[in-house]
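**Student:** could you look at this predicted model? Sequence included:
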Amino acid sequence: MTTTQTGLPLFVLGRDTDPHSERGVDCPGELPAASDPALVARARAAKAALGSRLFILGHHYQRDEVIQFADVTGDSFKLAREAAARPEAEYIVFCGVHFMAESADILTGDAQKVVLPDLAAGCSMADMATFDQVEECWESLEDAGIAEQVVPITYMNSSADIKAFCGRNGGAVCTSSNARRALDWAFERGEKVLFLPDQHLGRNTAVLEMGLSLEDCVVYNPHRPNGGLTDAQLRDAKMILWRGHCSVHGRFTPESVDDVRQRIPGVNVLVHPECRHEVVTKADHVGSTEYIIKMLQEAPAGSSWAIGTELNLVKRLGQDFPDKNVTFLDRAVCYCSTMNRIDLPHLVWALESLVDGQVVNQITVDPDTAHWAEAALNRMLALP
Ligand code: 13P
Ligand code: SF4
């Protein structure tokens, strides 16, 4: 059976399935009932008892029931920086997904403990690039005689061992907030980039922000010999894009952009760069989750926005900006099922366990992987 970086079978990660039906299958302890009316009070009490020993990070795609307890909310870039900036917190509870908690563990001190309230909160995109596959790809680049010209850049949405691979091979991490800067950095050091694991972020950044052409990009398919590419194709390419994508953002279609423009005259279409190139080219604005929030903050009252990103965030934007008309770009797209794994029962269980002196669901990265992944993360954090 195929397993993921959390070691759980893919079906447990709930890819494209209802997360509620699987709730609790992985929890090693006794979860409080979701119907317990005291859950909010219990979370508040546990948080108060832990005081400054605890810091809770919340990604923008988290449920409202969880985000209300976050000490800071942000996109993956902001949360990585926030984790690194809290050396006084003994416990970092990460309300997000597994790769984010791994990065927090790497960027925090040895005595600090990072907790992911539900270990099944993985990311299907991160699971699309395994270490063995990436090593095999690098061998193909060596065989084609180009490995020395290639700088590997991995999106934050990747496992720690992929980040470490990039660190060892002179590369860096990027997020959707700084992909352009990371690519500029890479092209100052090499002639080509291997971009992992999100082909869409890589293509959108290279073509729409840096002026490369679609012909400069090839897609390496890890399930085909030599990635499904000839040596000549690899040698001619500037961007070698890994064949990975987000199962949420990948569902927005160009038709949904046309449709919303028909339904809402004058609407501004704002999408995340994990959306497909055909969608991003039809949109008015593209940017990370922090960028999307900033656009809404600065938008004039009465303006209309169709947003192509995760539904928890879009709903929250609608609540936070009642003077603006906020619509979800495509009604057929749903929540990120793995982000949604972190719910109030899991948060309460994790916090109350900490109060009892028991660290549950701790995320740790082995020292060698952490060393090289940190090198790649620090190259990102040092970008201008
Ligand atoms: P951000 O980099 O915008 O936080 O996005 C993370 C993510 O998981 C998007 O799907
Ligand atoms: Fe992964 Fe997509 Fe979910 Fe982000 S929204 S965590 S990329 S599956």
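**Tutor:** On my side now, so go ahead. Ligands and ions are numbered 1, 2, ... in the order given.
**Student:** I'd guessed E90 sits against K113; true?
**Tutor:** Yes: between E90 and K113 there is a contact under C-beta atoms under 8 Å: 6.7 Å. C-beta here means a position set from N, CA and C on the backbone, and glycine is covered the same way.
**Student:** any idea how far stretch 128-136 is from the chain center?
**Tutor:** 18 Å (C-alpha atoms, centre = their mean, to the nearest Å).
**Student:** cool, stretch 53-63 as well?
**Tutor:** For stretch 53-63, the distance to the chain centre is 14 Å (C-alpha atoms, centre = their mean).
**Student:** any idea of the mean pLDDT for it?
**Tutor:** For stretch 53-63, the mean per-residue pLDDT is 97.
**Student:** can you check stretch 87-97 too?
**Tutor:** Rounded mean pLDDT across stretch 87-97 is 97.
**Student:** likewise for stretch 145-160?
**Tutor:** Across stretch 145-160, the average pLDDT comes to 97.
**Student:** quick one: it near ligand 1?
**Tutor:** Yes: for stretch 145-160, a contact with ligand 1 is found by C-beta under 6 Å from any ligand atom, at N157.
**Student:** can you give me the helices for the stretch 201-350 of the chain?
**Tutor:** 231-236, 254-263, 277-280, 289-298, 311-320, 344-355 (DSSP state H, counting those that start in this stretch).
**Student:** winner for burial among these?
**Tutor:** helix 344-355 (a mean of 23; mean count of other C-beta atoms under 10 Å).
**Student:** how far off centre is that helix?
**Tutor:** Per C-alpha atoms, centre = their mean, the displacement of helix 344-355 from the mean C-alpha position of its chain is 23 Å.
**Student:** keeping just the C-alphas, turn it into CSV.
**Tutor:** Output of helix 344-355 as CSV, limited to C-alpha atoms (Å, rounded to 0.1, in the frame of the first residue of the first chain):
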residue,chain,number,x,y,z
LEU,A,344,-11.0,21.6,17.9
PRO,A,345,-11.1,18.1,19.5
HIS,A,346,-7.5,17.5,18.3
LEU,A,347,-6.3,20.9,19.5
VAL,A,348,-7.9,20.4,22.9
TRP,A,349,-6.4,16.9,23.2
ALA,A,350,-2.9,18.2,22.3
LEU,A,351,-3.1,21.2,24.7
GLU,A,352,-4.5,19.2,27.6
SER,A,353,-1.8,16.6,27.1
LEU,A,354,0.9,19.3,27.3
VAL,A,355,-0.7,20.6,30.5
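**Student:** helices and strands around it, which ones?
**Tutor:** Judged by 3 or more C-beta pairs under 8 Å, 6 or more residues apart in numbering; DSSP states H and E, the packing partners of helix 344-355 are helix 39-50, helix 64-67, strand 91-95.
**Student:** buried residues in the helix or strand just after it?
**Tutor:** In the C-terminal direction, the helix or strand that comes right after helix 344-355 (DSSP states H and E) is helix 367-381. Using 16 or more other C-beta atoms under 10 Å as the burial criterion, the residues of helix 367-381 that qualify are 369-370, 372-377, 379-380.
**Student:** packing partners for helix 367-381?
**Tutor:** Here helix 367-381 touches helix 76-84, helix 98-107, helix 160-168, strand 172-174, going by 3+ C-beta pairs under 8 Å, 6+ apart.
**Student:** pick the most deeply packed of those.
**Tutor:** strand 172-174 (a mean of 29).
**Student:** that strand pairs with which strands, and in what direction?
**Tutor:** strand 150-155 (parallel) (DSSP bridges).
**Student:** which outside residues touch the strand it pairs with?
**Tutor:** Residues outside strand 150-155 that contact it (C-beta atoms under 8 Å, 6 or more residues apart in numbering) are 125, 129, 134, 138, 141, 162-163, 165-166, 169-176, 179, 182-183, 186-187, 189-198, 201-202, 240, 376.
**Student:** ditto for stretch 66-82
**Tutor:** Contacts for stretch 66-82 (C-beta under 8 Å, 6+ apart): 40, 43-44, 47, 55-60, 62, 94-96, 100, 103-104, 107, 156-157, 175-178, 288-290, 312, 316, 342-344, 347, 377, 380-381.
**Student:** stretch 229-238 too?
**Tutor:** Against stretch 229-238 from outside (C-beta under 8 Å, 6+ apart): 140-141, 143-146, 191-193, 206, 212, 216-218, 220, 226-227, 240.
**Student:** apply 7 Å and report the result again.
**Tutor:** By C-beta atoms under 7 Å, 6 or more residues apart in numbering, the residues outside stretch 229-238 that reach it are 141, 144, 146, 192, 212, 216-218, 220, 240.
**Student:** same check on stretch 161-169?
**Tutor:** Contacts for stretch 161-169 (C-beta under 7 Å, 6+ apart): 129, 131, 134, 152-154, 172-173, 196, 369, 372-373, 375-377.
**Student:** again, but for stretch 216-224
**Tutor:** By C-beta under 7 Å, 6+ apart, stretch 216-224 touches 133, 137, 199, 203, 206, 227-229, 233-234, 237-243.
**Student:** circling back: can I get the helices of the stretch 201-350 of the chain in JSON lines including mean pLDDT and distance to ligand 2?
**Tutor:** What follows is these, written out as JSON lines (pLDDT from 0 to 100; distance: least, C-beta to the nearest ligand atom, whole Å):
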{"stretch": "helix 231-236", "mean pLDDT": "98", "distance to ligand 2": "26"}
{"stretch": "helix 254-263", "mean pLDDT": "97", "distance to ligand 2": "17"}
{"stretch": "helix 277-280", "mean pLDDT": "98", "distance to ligand 2": "14"}
{"stretch": "helix 289-298", "mean pLDDT": "96", "distance to ligand 2": "9"}
{"stretch": "helix 311-320", "mean pLDDT": "96", "distance to ligand 2": "10"}
{"stretch": "helix 344-355", "mean pLDDT": "98", "distance to ligand 2": "16"}
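**Student:** of those, which is nearest D36?
**Tutor:** Closest to D36 of the helices of the stretch 201-350 of the chain, according to C-beta to C-beta: helix 344-355, at 7.7 Å.
**Student:** ok and that closest one relative to strand 91-95, angle-wise?
**Tutor:** 170 degrees (axes from the mean of the first three to the mean of the last three C-alpha atoms, to 10 degrees).
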